[in-house]
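In: build me a model:
(chains A and B)
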Amino acid sequence: MVATAMQTGVAQTTAIEISHMKVYYGEKLAVDDVSLPILKNKITAFIGPSGCGKSTVLRGLNRMNDLIPGARVEGEILYHGRNLYAPNVDPVEVRRRIGMVFQKPNPFPKSIYDNIAYGPRLLGVKSKAMLDEIVEMSLKQAAIWDEVKNDFRTKSGLALSGGQQQRMCIARTIAVEPDVILMDEPCSALDPIATQKIEELMRELVANFTIVIVTHNMQQATRVSDYTAFYSIRKQETEVGKENRWGVLAEYAPTQQLFERPAKQETADYISGRFG
Amino acid sequence: MSATALDQSALRQEDSFIRGLRNRHRFGAIWKRFFQGATIFGLIALILLTFNVLNRVFGYVAIVNRIEPSSLSDRPLEELSAEELGVILIESAGASFNPRIGLANLIPGGLGTQNSNYIANRDNPIGELIPNVPAEYAAIPLGEITSEQATTILSTIATKEDLLDLVKLYVVGEKVGDAWSLTESLFNRAAIDEYAAANPNAKIEFRNWLSLTFLSNRMSDNPLVSGIRIALLGTVWVLVFTILVAFPLGVGTAIYLQEYSTGDTWLERVIETNIRNLAGVPSIIYGLLGLAIFVRTLEPITQGRTVISAALTMSLLILPIIIINAQEALRAVPPSLREASFGLGATKWQTVWRSVLPAALPGILTGTILGMSRAIGETAPLVIIGAATFIATNPDGPLARFTVIPIQIYNWTKDARPGYGEVSAAAIVLLLIVLLTFNAVAIYLRQRFRRALQG
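Out: Next comes the predicted model:
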């Protein structure tokens, strides 16, 4: 997919190369033949109607789908040249390098400090000075330090507002120093002001991280992302009244290009609100 | 539907609607009364039960002596020297005092029941039973010692307190003539006065049966000095080992079933279903199982009818309760917590240990306490596996013989002599206190963990 990058006129490094990815839940095909690059230090947005498989693809990138019984991934997802689904790859290591922020803020019922230190402690960091430093750095990077610096050691993560919780969850993800951060509709549970803060934060973070975001909100995709992948649904009638539905990647392009000059009619229909 | 049909429809008829509404309200009111009644019935039953037990814990008691202490000495018995008490014991007890049985009463923790200590230890060398027995007698079994030898040993090693106890038991022969409940004591003084008139020697006093001496004394033939100490210690020992076995096994099983097993295989489904069924199996069945396995088959390890056999049996009994409640608690942990942990690169074990278990702990503790409460009150399986009805010494470890409070209560309750109903009432109150204490601790812990989680 270097070709795609070339088309934009700028040489880009690829963080993750998705190649002919197929996801099954049991026997059922959920996503068919997705290929696209995730470019380093860029924000890639996944958009598309409900059920188009964009979250499934996202969760496939750090093997979160492994946790769902019966889920199976085919094809290759290359990260630094290694297939993430190769038999000798440990999903635990994948998830530490490719972090994830979830749709609903999910702080641990612990203090803010312990929330952030959770990841480093998993990796065996015991030194208090080092943990202190990681926690402060992460909170600062997630632009929440000023709001919690007085009581982050004692205050529960659950006592924060929704937007603060989500930024704390981002700080928590940053604390294990991943390469890539996957965000699964991170603002869908937040109000517009909190959403704006997260979007600003994403623009800051992209200098150091590669970000992939799933969003229902097309304005959000245009505001924050550099590249956009539009997923669509394919249907096949199996017998009368029943049909199989699965998702495909319909179009992938730089965000501005995809929204202003979509190459496909279904993309144009979706972004203009005629479908989905 | 035509217009006329609609007008005639029952829903449209004002009067029938009103009538129907009235009926609906009346119906609801009847059910509400029934629910209220059920609650009140339960409340009354609880109050009656509590009253009935407490009523017998306090009240007047008539103490009767076979021989009045004043006829033995002009000073109170407590002030006499060991020598004087020894003389009284030998001279006044007469045939009712057998020195060998008296000696048996010196076995540590020993006073009280007249024969059981002796019978239980007949074949053991006395040197092993009683410390500081003169060396020349140490090897003789208790049952083969002569009366003269026993008297000699008694006079050399019995302390003043031992002798006082023996004098009270064999010479004074203190016993309960009659006992009255709290209501009788308050409202039926005539009966008490009548008894006092008929028995001028009886000493009548108001007594709190649940006293500190009741807690610290051993069981005895005399309800006045009988205590619960050994049964209480037995209950504590059995309970501690039950929890040590059942908590890790139960929580471990729950974690496996809930977090690791997918529940897909035939075997896992059978296990899952059967744990639920086991929670409803009558406890006496567990007793039979415990008898067969822990008491008989594993006797080389458990030494038979011991604390550890009882604890293992009780563990089996409460395991299903702990497992089901722990599973319920684990299931209630939001999946988003697990995702958050996995998303940060935690292994399965790290996720369970650092994230899921702390969140489930309050619920797991609640289930454990439910199991413990069950184990405290359970009697049938322990009767089956043979908890002793009389134990003279404190249980001192997992391999000790033991008895527990419910069995003690059972033994006292079936004794019709005056005073026994009162001590069993005191023991019941103690059992309730122990139970409520455990529950209070559980509630406190649960609230604390919950608060820690919510911050």
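In: what is the burial count for B:N65?
Out: For B:N65, the neighbour count with other C-beta atoms under 10 Å in any protein chain shown is 18. (C-beta placed from N, C-alpha, C; glycine too.)
In: so which residues on chain A come close to chain B?
Out: Within chain A, the positions near chain B by C-beta under 8 Å from any C-beta of the partner chain are A:62, A:64, A:67, A:69, A:92-93, A:95-97, A:99-100, A:102, A:104, A:106-111, A:118-119, A:121-123, A:155-159, A:169, A:172-173, A:176.
In: which residues touch the residue of the stretch 201-350 of chain B found nearest chain A?
Out: Residue of the stretch 201-350 of chain B nearest chain A, by C-beta to the nearest C-beta: B:G345 (2.9 Å). Listed by C-beta atoms under 8 Å, 6 or more residues apart in numbering or on different chains, the contact partners of B:G345 are A:92-93, A:95-97, A:99, A:119, A:122-123, A:176.
In: what segments of the stretch 151-276 of chain A are helices?
Out: A:162-174, A:192-205, A:218-224, A:255-260, A:265-271 (DSSP state H, counting those that start in this stretch).
In: what of the stretch 1-150 of chain A?
Out: A:2-7, A:54-61, A:91-97, A:112-122, A:128-141, A:145-148.
In: how about the fifth one: buried residues?
Out: Spelled out, it's helix A:128-141. Neighbour counts using 16 or more other C-beta atoms under 10 Å in any protein chain shown place A:131, A:134-135, A:137-139, A:141 of helix A:128-141 among the buried residues.
In: average pLDDT across it?
Out: In this model, helix A:128-141 carries a mean pLDDT of 92.
In: other SSEs contacting it?
Out: Helix A:128-141 is packed against helix A:112-122, helix A:145-148, helix A:162-174, with contacts defined by 3 or more C-beta pairs under 8 Å, 6 or more residues apart in numbering or on different chains; DSSP states H and E.
In: one step back: of all the helices of the stretch 151-276 of chain A, which one comes closest to B:L212?
Out: Across the helices of the stretch 151-276 of chain A, B:L212 has its closest neighbour in helix A:162-174 (54.9 Å, C-beta to C-beta).
In: how close does B:V356 get to B:A332?
Out: 10 Å (C-beta to C-beta, to the nearest Å).
In: before we move on, back to that, of the helices of the stretch 151-276 of chain A, which is nearest B:I30?
Out: Between the helices of the stretch 151-276 of chain A, helix A:162-174 lies closest to B:I30; by C-beta to C-beta that is 47.2 Å.
In: do you know which of the helices of the stretch 151-276 of chain A lies nearest B:Y286?
Out: Of the helices of the stretch 151-276 of chain A, nearest to B:Y286 by C-beta to C-beta is helix A:162-174, at 47.0 Å.
In: using PDB, write down the CA coordinates of that closest one.
Out: As requested, the backbone C-alpha atoms of helix A:162-174 are provided in PDB (Å, rounded to 0.1, in the frame of the first residue of the first chain):
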ATOM      1  CA  GLY A 162     -17.000  11.400  31.900                       C
ATOM      2  CA  GLY A 163     -14.700  13.500  29.800                       C
ATOM      3  CA  GLN A 164     -12.000  13.400  32.500                       C
ATOM      4  CA  GLN A 165     -12.400   9.700  32.800                       C
ATOM      5  CA  GLN A 166     -11.800   9.200  29.100                       C
ATOM      6  CA  ARG A 167      -8.700  11.400  29.200                       C
ATOM      7  CA  MET A 168      -7.500   9.400  32.200                       C
ATOM      8  CA  CYS A 169      -8.100   6.200  30.200                       C
ATOM      9  CA  ILE A 170      -6.000   7.700  27.400                       C
ATOM     10  CA  ALA A 171      -3.300   8.600  30.000                       C
ATOM     11  CA  ARG A 172      -3.500   5.000  31.300                       C
ATOM     12  CA  THR A 173      -2.900   3.700  27.700                       C
ATOM     13  CA  ILE A 174       0.000   6.100  27.200                       C
END
